[in-house]
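**Student:** Quick one, what's the 3D model for this:
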Amino acid sequence: MSAMTMTEKILARASGKNSVAPGENVWANVDVLMTHDVCGPGTFGVFKKEFGPDAKVWDKEKLVLIPDHYIFTKDAMANRNVDVLRQFAKEQDIKYFYDVGTANYKGVCHIALPEEGHTRPGEVLLGTDSHTCTAGAFGEFATGIGNTDAGFVLGTGKLWLKVPPTMRFVFHGRMPPYLMAKDLILAVIGDIGVDGATYRAMEFDGDGVYALNIEERMTLCNMAIEAGGKNGIIAADQVTFDYVNKRNAGQKPYTPVKTDPGARFVFEKVYDVSKMEPVLAKPHSPDNKANVSEVKGTKLDRAYIGSCTGGKLTDFRAAAEILNGKSVRIDTFIVPATTEVARGLDTETIGGKSLRDIFLAAGAKIGDASCAACLGGPSDTFGRLNTPISCISTTNRNFPGRMGHKEAKVFLASPLTVAASALAGTIADCRDLLV
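**Tutor:** Numbers count the residues shown, from 1 in each chain. Below you'll find the predicted structure:
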């Protein structure tokens, strides 16, 4: 049997094969399927059309429903979408439904999935959202699929998948205090382009990766799709196991995998993190990379810290370190990814002050846990860019109209860079405040 990568091993096991090779098509058994308020209604429509109006899902304990995108809005159609999720959850008696307006509400699906114990090493997790690849940080095959595929999975528990070839990105060295995982992944995307990993697995490795906490690893895998990647993946270690074992929904057994010595990669690139510097992506593409030092002083109108990419507790701790005792010069929006993260804003402290108090004292506005302005949304969405302004953001995409107005300009950066820029009112280098 030939040596395999992690992605190949997971898909081999999921399809009942001893081995698979890139380019091979397999029927993969799905361990978890997630859908949300944007794609859920369409997915349910496909399912009922193809399997019958009274059909039951293949396994109601493997389906996770998470409203998160267009939540806190008066928009009637957005509200209707959530109602469709509620009706389907009731019809199918879905256990893992995190409904808004209840104590179970979570927020952004990609952060809620691991928090609620739905991510496990070695599994196959599919979701009707391109950033489902976030869960690759837990050593599993996680990727986004469309409504039609998801409707098929609802009825069968399987999906026809092509095994992707694997690209390997190795980060060595000691991470300096002014860098975060967002800098690393933006550097990668800037190097290979938004189509550089099209239908390829992006495997992240090296002591620089394993020095990251689990939330930072999630940031790395989260933006694999911004390079066109099929999935991002990091081998599970003790950090992973500690997180998963504490939260594992239903205490389901799992079997982690590691890439075999001698496994073949179609591309390899090595980075020394000790020699890297803060980077950002200029409008209007995630691969429009620049060192922060090159664009320092560019005028801004808004700063935004949130989303599945930049709305985790690690992100807010970093931003609070910068903002503590200072005042922002531009509108600054803070949006926790989940309700658990939101609670952390009150319990996590720096110098005896909660993160929430630090942000409010600095003049920032804090919203409810959700995707909020990352995907634009209805005009009453918190933080949405309703006018053609310039914004620096911890989100993942910056093409025209992504966060609202089609003429708005969005710079993608780490929480450290965004916070430093909020204080300056222009793009700023966090090293001026940290070093």
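**Student:** all strands for the stretch 301-435 of the chain, in order.
**Tutor:** Remark: strands assigned in the stretch 301-435 of the chain by DSSP state E, counting those that start in this stretch are 302-306, 331-335, 349-350, 353-354, 365-366, 390-393, 409-412.
**Student:** what helices or strands is the first one leaning on?
**Tutor:** The one in question is strand 302-306. Packing partners of strand 302-306 (3 or more C-beta pairs under 8 Å, 6 or more residues apart in numbering; DSSP states H and E): helix 313-323, strand 331-335, strand 390-393, helix 415-424. (C-beta placed from N, C-alpha, C; glycine too.)
**Student:** residues near the closest residue to Pro378 other than its chain neighbours, how many?
**Tutor:** Once flanking residues are discounted, Pro378 sits nearest to Asp75: 3.8 Å by C-beta to C-beta, 6 or more residues apart in numbering. Residues near Asp75, counting by other C-beta atoms under 10 Å, number 14.
**Student:** can you pull the contacts of Asp75?
**Tutor:** The contact partners of Asp75, by C-beta atoms under 8 Å, 6 or more residues apart in numbering, come to 377-378, 380.
**Student:** Check Lys62 too.
**Tutor:** 30-33, 157.
**Student:** got it, and Asn29?
**Tutor:** Applying C-beta under 8 Å, 6+ apart, the residues near Asn29 are 14-16, 124, 157-158.
**Student:** Following element in sequence after the helix ranked longest in the chain, please.
**Tutor:** Counting residues, the longest helix found in the chain (DSSP state H) is helix 76-92. Using DSSP states H and E, the helix or strand that follows helix 76-92 in sequence is strand 96-97.
**Student:** From the contact counts, what lies against that next one?
**Tutor:** Helices and strands touching strand 96-97, by 3+ C-beta pairs under 8 Å, 6+ apart, are strand 63-65, helix 76-92.
**Student:** now the contacts of Asn29 in CSV, with secondary structure?
**Tutor:** Below are the contacts of Asn29 laid out as CSV (DSSP: H, G, I helix; E, B strand; the rest coil):
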residue, secondary structure
Ala14, helix
Ser15, coil
Gly16, coil
Val124, strand
Gly157, coil
Lys158, strand
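**Student:** now, among the residues you listed, which is nearest to Ala428?
**Tutor:** For the contacts of Asn29, the closest approach to Ala428 (C-beta to C-beta) belongs to Val124, at 42.0 Å.
**Student:** Just name the most buried of the strands of the stretch 301-435 of the chain.
**Tutor:** Scoring the strands of the stretch 301-435 of the chain by mean neighbour count under mean count of other C-beta atoms under 10 Å gives strand 302-306 as the most buried, with a mean of 29.
**Student:** if we look at that strand, which residues are touching it?
**Tutor:** Outside strand 302-306, the residues that touch it by C-beta under 8 Å, 6+ apart are 311, 315-316, 319, 328, 330-337, 367, 372-374, 383, 385, 389-395, 403, 415, 418-419, 421-422.
**Student:** do the same with stretch 2-17
**Tutor:** For stretch 2-17, contacts defined as C-beta under 8 Å, 6+ apart pick out 18-22, 26-31, 122-124, 139-141, 161, 163-164, 166, 201, 203, 231, 233, 235, 255, 257-265.
**Student:** if we go to 7 Å?
**Tutor:** Contacts with stretch 2-17, where a contact means C-beta atoms under 7 Å, 6 or more residues apart in numbering, come from 18-20, 26-29, 122, 124, 139-141, 161, 163-164, 166, 201, 203, 231, 233, 235, 257-263.
**Student:** and what of stretch 357-371?
**Tutor:** 68-69, 71-72, 107-108, 307, 320, 323-324, 326-328, 332-339, 341-342, 350, 356, 382-383.
**Student:** List only buried entries from the residues you listed.
**Tutor:** Neighbour counting with 16 or more other C-beta atoms under 10 Å marks 68-69, 71-72, 107-108, 307, 320, 323-324, 326, 328, 332-339, 341-342, 356, 382-383 as buried within these.
**Student:** what's Glu24 in contact with, if anything?
**Tutor:** Applying C-beta under 7 Å, 6+ apart, we find Glu24 in contact with Val163.
**Student:** Report the distance from stretch 70-88 to the chain centre.
**Tutor:** Relative to its chain's centre, stretch 70-88 lies at 22 Å (C-alpha atoms, centre = their mean, to the nearest Å).
**Student:** which parts of it are buried?
**Tutor:** Neighbour counts over stretch 70-88 (16+ other C-beta under 10 Å) mark 70-73, 78, 81-82, 84-86, 88 as buried.
**Student:** show me where the stretch 201-350 of the chain has helices.
**Tutor:** 207-210, 214-222, 238-247, 292-295, 307-310, 313-323, 339-347 (DSSP state H, counting those that start in this stretch).
**Student:** any idea which of these is most buried?
**Tutor:** Greatest burial across the helices of the stretch 201-350 of the chain, using mean count of other C-beta under 10 Å, falls to helix 307-310, with a mean of 29.
**Student:** for the protein, what are the low-confidence residue spans?
**Tutor:** 435 (pLDDT under 70).
**Student:** Show me how it divides into domains.
**Tutor:** Here the domain assignment for the chain is 7-270, 280-434, based on automatic domain parsing.
**Student:** With distance to Met1 added, can I get these in JSON lines?
**Tutor:** Below are those laid out as JSON lines (distance: least, C-beta to C-beta, whole Å):
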{"stretch": "domain 7-270", "distance to Met1": "5"}
{"stretch": "domain 280-434", "distance to Met1": "36"}
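**Student:** sorry, back to before: quick one: buried ones out of the contacts of Asp75?
**Tutor:** Buried by 16+ other C-beta under 10 Å: 377-378, out of the contacts of Asp75.
**Student:** circling back to that earlier point, return the members of the contacts of Asn29 classed as buried.
**Tutor:** So, by 16+ other C-beta under 10 Å, the buried ones in the contacts of Asn29 are 14-15, 124, 157-158.
**Student:** Now for those: which two are most distant?
**Tutor:** For those, with distances taken as C-beta to C-beta, the pair at the greatest spread is Ser15 and Gly157 (12.6 Å).
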